[in-house]
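Enquirer: Test case, fold it:
(2 chains, ligands or ions: 3)
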Amino acid sequence: MHYHSPTSVEDAVKVLAAQSGDCRILAGGTDLLVRMRSGLAEPDAILDIKRIDGMRSITREEGGFRVGAAVSGTEMAEHAALVAAWPGVVEATGLIGSTQIQGRATMAGNLCNASPAADSVPAMVAAGAVAQVAGPNGVRDIPVAQIPTGPGKTSLGPGEFVTSIFLPARPDRASDAYLRFIPRTEMDIAVVGCGVSITLDASGTCTEARVALGAVAPTVIEVPEAATALVGTPLDDPALSALSAACSAAASPISDKRGTVEFRTHVAGVLARRAAVIAKTRAGAA
Amino acid sequence: MSKIHVTTTINGDPTEFLCEADETLLDVLRDRLGLTGSKEGCGTGDCGACSVTVGGRLVCSCLMLGAEAEGQEIGTIEGMAEGESLHPLQKKFIEHAALQCGICTPGLLVAAKSLLEHNPDPTEEETRYWLAGNLCRCTGYDKIIRAVMDAGKDMREAS
Ligand SMILES: Cc1cc2nc3c(=O)[nH]c(=O)nc-3n(C[C@H](O)[C@H](O)[C@H](O)COP(=O)(O)OP(=O)(O)OC[C@H]3O[C@@H](n4cnc5c(N)ncnc54)[C@H](O)[C@@H]3O)c2cc1C
Ligand code: FES
Ligand code: FES
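Expert: Ligands and ions are numbered 1, 2, ... in the order given. You can find the predicted model right below:
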C-alpha cells in the first residue's frame, strides 16, 4: 500500500488521477481504518487530506461557514460562532463516537462513508449544507443530500473528493437541532436520527423549515412534507402533530436488532417533534 | 516496497522510525519503538486502551496510521510519570484501587489526564462522558471515576 499526503488540492487531484488501483481518501480514519482492519477495505493507496491547505480550517464566507473536510468534531465544538449559528449541526457531529473519536472524525468523512445512520448527515441536510467537490474536471458545489446514493455508496466520480462543507448564512430567529435515539447514552449507532432547521418571523411564525431523517431508509432522506407542515404556523401543537405524522409516513425503515419497522416509524415522528421544539426555543420564540 | 520514514516527537523526545504505509500508530509504538504501555483491546476504536494524545488531542492510536505522526507531538502513558515520581492520577488510581487486570489503565490515565487539562474541575457527569470511550471489564468504573475526581481535586489545590 502507498501513503500519499499532498499539500494542495491540485496535487491531490493529480495523485488521484494517476491511480490505477483502489485509492481511498483518509480524513479522520475512524471508518476507514476499522474497515481496513476487518478486511472490508484493502486499498492499494491512501490519500491523506489532512495536510492539504485549508482542509483544517473553519472560515467565514458570505455570512456562512466553510468547514474544511479534515476539521474534526472537537474543532467544530470549540468554534463559538459556528456553535451559535448551527447548534444542531455541531451537536449532531458531537454525537459521533467517544472523546477519542471526536478528536479525529469529520463531517465530510461521515457523509462520504454513506451510512444511512450517519449522525451529522440529517443535520447537514436540514441545514441546506453544500459540499464542495474537487476532481479532474475542476471544482463543483453539490447539496450534501445528493452525495450518498445508498449504504456505502456516493455520487462522487472517479478521482473526486470533498474539500469542504458550506453551511449558509442564517437570518435572525433561525436555528436547528438534531436528536437521535439509541438504547444507551453514548457510543452507539442511531436507531433513528432527525435534524430540523427553522426560521421564524418577528411574530414567531415559521417562514422556512427543513427536516431530514436518518436510519429509516437506505440513505438519509429529506422530508419536504414535514417542512410544509411547519411553514406558516407558530409551531403549535397541530403543526407539530402534522410534522410527526409526515415524518412517520416518510420513514421506510428495516427491522434489525436495534429496532423494528414499527418502532422506527413511530420514533421518527417523536424525534421530529422534539427536535422542532428545541429548534424553536433556540430560534428565540417566546 | 520501501518503508516510510517518519520524524515525530514522542513524550517530548524527537523520534524517527520507519513503518509500512498500513501500519497503525499503535503497532509502531508497541512493535517498533518498544512503547508497550499503550494496549490493544479491540483495534476498532471501541475500547480506548490504545489512547494517546496527538497535538494535545486525545485519539485512539489504533485508528491512526504511523505515517500520520509525521511532524506531530505524540503523548503516551510512558510520558506520564516524571522519573520515579508518579503523576497524581497514577497515585490516585492505586489509592482507590481503580484497576484490577490493568489492561484499560494506561488508556484511562491518558484520557483522564487529557480531561483534566481541558477541564480542571469536571463534574462527575462530565467525567463519565469524557471517559465513555474507555472500557473496563473489571472495576465497574466507580473506583476509576472516584480516583479521577479525587486527583482533579488534589491538582486544583496544588496549583
Ligand atoms: C467507536 C466508534 C464509534 C462511532 N460512532 C459513530 C456515531 O455515533 N455516529 C456516526 O454517525 N458514526 C459513528 N462512527 C463512524 C465514524 O466515526 C464517522 O462516520 C466519522 O464521521 C467518519 O469520519 P472520518 O473523518 O473518520 O472518516 P474516514 O474514516 O477518514 O473516511 C470515511 C469514508 O469516507 C471517505 N472519505 C473521507 N473523507 C472524504 C472526503 N473528503 N472526500 C471523499 N471521501 C472521503 C473515506 O475514503 C472512507 O471511505 C463511529 C466510529 C467508531 C470507530
Ligand atoms: S485498541 Fe484502540 S480503541 Fe480499542
Ligand atoms: S482493570 Fe481490567 S479492564 Fe479495567
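Enquirer: For chain B, what lies in contact range of ligand 3?
Expert: B:99-104, B:136-139 (CB under 6 Å from any ligand atom). (Glycine included, C-beta is placed from N, CA and C.)
Enquirer: Looking at the residues you listed, which are in helices?
Expert: The members of the residues of chain B next to ligand 3 all map outside helices under DSSP state H.
Enquirer: where do the strands sit along chain B?
Expert: B:4-10, B:13-19, B:51-54, B:57-60, B:73-75 (DSSP state E).
Enquirer: Same list, the ones you listed, but as a markdown table with mean pLDDT and mean neighbour count please.
Expert: Output for the strands of chain B, formatted as a markdown table (pLDDT from 0 to 100; neighbours: other CB atoms under 10 Å in any protein chain shown):
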| stretch | mean pLDDT | mean neighbour count |
| --- | --- | --- |
| strand B:4-10 | 98 | 17 |
| strand B:13-19 | 98 | 14 |
| strand B:51-54 | 98 | 27 |
| strand B:57-60 | 98 | 28 |
| strand B:73-75 | 98 | 21 |
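Enquirer: and those as JSON lines, adding distance to residue A:18?
Expert: Shown next, in JSON lines, are these (distance: least, CB to CB, whole Å):
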{"stretch": "strand B:4-10", "distance to residue A:18": "19"}
{"stretch": "strand B:13-19", "distance to residue A:18": "23"}
{"stretch": "strand B:51-54", "distance to residue A:18": "29"}
{"stretch": "strand B:57-60", "distance to residue A:18": "30"}
{"stretch": "strand B:73-75", "distance to residue A:18": "31"}
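Enquirer: would TSV of those strands with distance to chain A be doable?
Expert: Shown next, in TSV, are the strands of chain B (distance: least, CB to the nearest CB, whole Å):
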stretch	distance to chain A
strand B:4-10	6
strand B:13-19	9
strand B:51-54	6
strand B:57-60	4
strand B:73-75	12
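Enquirer: nearest to residue A:200, of those strands?
Expert: Minimum separation from residue A:200 across these (CB to CB) falls at strand B:57-60, 37.1 Å.
Enquirer: Kindly report the domain assignment for chain B.
Expert: Under the assignment automatic domain parsing, the domains of chain B span B:4-79, B:88-158.
Enquirer: could you dump those to TSV with distance to residue A:156?
Expert: Output for these, formatted as TSV (distance: least, CB to CB, whole Å):
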stretch	distance to residue A:156
domain B:4-79	22
domain B:88-158	30
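Enquirer: Let me see the contact set for the most centrally placed residue in chain B.
Expert: Closest residue to the average C-alpha location of chain B: residue B:110 at 3.0 Å, with CA atoms, centre = their mean. Counting by CB atoms under 8 Å, 6 or more residues apart in numbering or on different chains, residue B:110 makes contact with B:38, B:51-53, B:58, B:75-77, B:80.
Enquirer: And those, which is closest to residue A:90?
Expert: Of the contacts of residue B:110, the one sitting nearest to residue A:90 (CB to CB) turns out to be residue B:58, at 18.6 Å.
Enquirer: Packing partners of the biggest helix by length in chain B?
Expert: Identified as the longest helix of chain B according to DSSP H is helix B:142-158. For helix B:142-158, the elements it packs on are helix B:88-95, helix B:105-118, helix B:124-130, judged by 3 or more CB pairs under 8 Å, 6 or more residues apart in numbering or on different chains; DSSP states H and E.
Enquirer: Okay, now the unreliable bits of chain B?
Expert: Along chain B, the model assigns pLDDT under 70 to residues B:1.
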